[in-house]
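# Return a 3D structure for these sequence lines:
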Amino acid sequence: MECLNILVVDDHELNRYLLIQQLLGMGHRVEEAQSAVQALELLVSKNYDVLFTDCNMPGMDGFELVREYRAYEGIEKNGRCLIVGFTASTSDRTRERCLASGMDECLFKPINSKVLSGFLQGVPQRDENGAAQSALDADYILELFDGDKRVSLNLFKELHESNTRDLKTLDALLASGDHRKMKSLIHHILGGARIVAAQDLVESALYFEEIAEKGIVDDRFKRSICLIRSQLISLQHDLKMWMDLQASP
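Residues are numbered from 1 along each chain as shown. Purely as a prediction, here's the structure:
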């Protein structure tokens, strides 16, 4: 796993401490903020690969923090930070609010270290200029359509919507342990990844199909699914960034 630069913001000291210790134990570089205002100051002063933010904080909450920072990113155009809502509320409404505010994912407190590690497995580092290494090959797509960005944008929108549905289904299957349906879902994810040349995700999905075909259901099976999930989230992140860039004047 790559060493990521991570910012954790939470007004609850114990919650903040627990998450930071988990991340440090995985070898990541971690900084902390006690409020959304403090976090925003840090975010505009340096590049982070990942932001974990509590949703409900006094004053500026996590949703407002993310909207403010996404607006800043749109102006600066220096790459897109992966933002994760970290909340004790497990309601669908909370997850919807997280995604609507500009977050990439929503995780629930407290989180198991293995699940957290699996989630971060496929997250790309940002380069020296602040941009993250892309999970897809946008130039390859443009070549397929002779540089027609309108057609490429429509394709990316369709894939982003499909991946959103697949992530929701994946989470449900992880909860239910339905391995038969999992095979079909991963094959569907593989098809979309191939279209946009998301090579890391393609390789992970092919590896999953290989062990699933052998009937192996062990730690390799579970780790493979966690890796696919995190890589799919990274692909969603890059699709959204590309679409936002094309939509901007």
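# What is the burial count for the nearest residue to A88 once chain neighbours are set aside?
Distances taken as Cβ to Cβ, 6 or more residues apart in numbering place K109 nearest to A88, at 4.7 Å, with adjacent residues excluded. For every residue, glycine as well, the C-beta is placed using N, CA and C. K109: 15 surrounding residues under other Cβ atoms under 10 Å.
# same deal with L24?
Other residues within reach of L24, judged by other Cβ under 10 Å, total 12.
# you'd agree it is up against E32?
No. Assessed by Cβ atoms under 8 Å, L24 is found out of contact with E32, at 10.8 Å.
# Could you pull up the residues touching Y207?
S224 (Cβ atoms under 8 Å, 6 or more residues apart in numbering).
# Ramachandran angles for it?
phi -60, psi -40 (degrees, to the nearest 10).
# Secondary structure class of V217, three-state.
Here V217 is recorded as coil under DSSP: H, G, I helix; E, B strand; the rest coil.
# now it: how far from H187?
In this view, V217 and H187 are 17 Å apart by Cβ to Cβ, to the nearest Å.
# where do the strands sit along the chain?
5-9, 29-33, 50-54, 82-87, 105-108 (DSSP state E).
# any weak-confidence spans in the chain?
1, 75-79, 122, 124-138, 144-145, 247-249 (pLDDT under 70).
# how does it divide up, domain by domain?
By the assignment in the TED database, the chain contains the domains 5-122, 138-247.
# To Q199, which of the strands of the chain lies closest?
strand 82-87 (19.0 Å; Cβ to Cβ).
# surely D61 meets A36?
Yes. Taking Cβ under 8 Å as the definition, D61 is a contact partner of A36 at 6.5 Å.
# need the contact list for the residue nearest to A88.
By Cβ under 8 Å, 6+ apart, the contact list for K109 reads 15, 86-88.
# now the residues you listed: which count as buried?
15, 86-87 (16 or more other Cβ atoms under 10 Å).
# What's the end-to-end length of stretch 34-54?
Length of stretch 34-54, first residue to last, Cα to Cα, to the nearest Å: 10 Å.
# er, stretch 37-53 actually
Using Cα to Cα, the two ends of stretch 37-53 sit 12 Å apart.
# buried residues in it?
In stretch 37-53, counting by 16+ other Cβ under 10 Å, buried: 39-40, 43, 47-53.
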